[in-house]
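Engineer: sequence first, predicted model second:
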Amino acid sequence: MKKPVRKDLAMTGEVTLTGRILPIGGLKEKTMAARRSQVKVIIFPEANRRDFEGLEESVKERLDVHFVDEYEQIFELAFGYDH
């Protein structure tokens, strides 16, 4: 493709061989680290949505957070189009 991934994007987690996205631990710490690194867009597993919603507003503010459960969703967010 020779197209770089967005510079303001961060993501964490594991992708299974079938393309499913597995939940993560340490969501608050990872969110805070992303903010310190000037990240504006974060991709988290859908299974962690409740964890994120439970964070203080000061941790979540000014972040564009996306929750995904399949690899294709990550690809679209990272490169800006369907493969």
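Structural biologist: The structure has been received and is ready for your questions.

Engineer: when you work out contacts or count neighbours from here on, use the C-alpha atoms and nothing else.
Structural biologist: Fine.

Engineer: which element is Ile43 on?
Structural biologist: Secondary structure assigned from DSSP states H and E places Ile43 in strand 41-45.

Engineer: pull out the buried residues from the following helix or strand past that strand.
Structural biologist: Once the chain leaves strand 41-45, the next helix or strand it forms, by DSSP H and E, is helix 49-53. By neighbour count with 16 or more other Cα atoms under 10 Å, helix 49-53 contains the buried residues Arg49, Phe52.

Engineer: how far away is Gly19 from Lys2?
Structural biologist: The gap separating Gly19 from Lys2 is 22 Å, by Cα to Cα, to the nearest Å.

Engineer: quick revisit: show me the contact partners of the strand holding Ile43.
Structural biologist: 8-13, 21-24, 34, 63-69, 74 (Cα atoms under 8 Å, 6 or more residues apart in numbering).

Engineer: neighbours of Lys30, just the number please.
Structural biologist: Using other Cα atoms under 10 Å, Lys30 has 16 other residues around it.

Engineer: so it, which state does it fall into?
Structural biologist: Look at Lys30: counting by DSSP: H, G, I helix; E, B strand; the rest coil, its state is helix.

Engineer: what distance do you get for the nearest residue to Leu22 once chain neighbours are set aside to Leu63?
Structural biologist: Closest residue in space to Leu22, ignoring its immediate chain neighbours: Glu14 at 5.5 Å, by Cα to Cα, 6 or more residues apart in numbering. Distance, Glu14 to Leu63, by Cα to Cα: 21 Å.

Engineer: how about Lys2?
Structural biologist: With Cα to Cα as the criterion, Lys2 and Leu63 are 27 Å apart.

Engineer: neighbour count for these two, which is higher?
Structural biologist: A count of neighbours by other Cα under 10 Å puts Leu63 above the other of Lys2 and Leu63, at 15 against 4.
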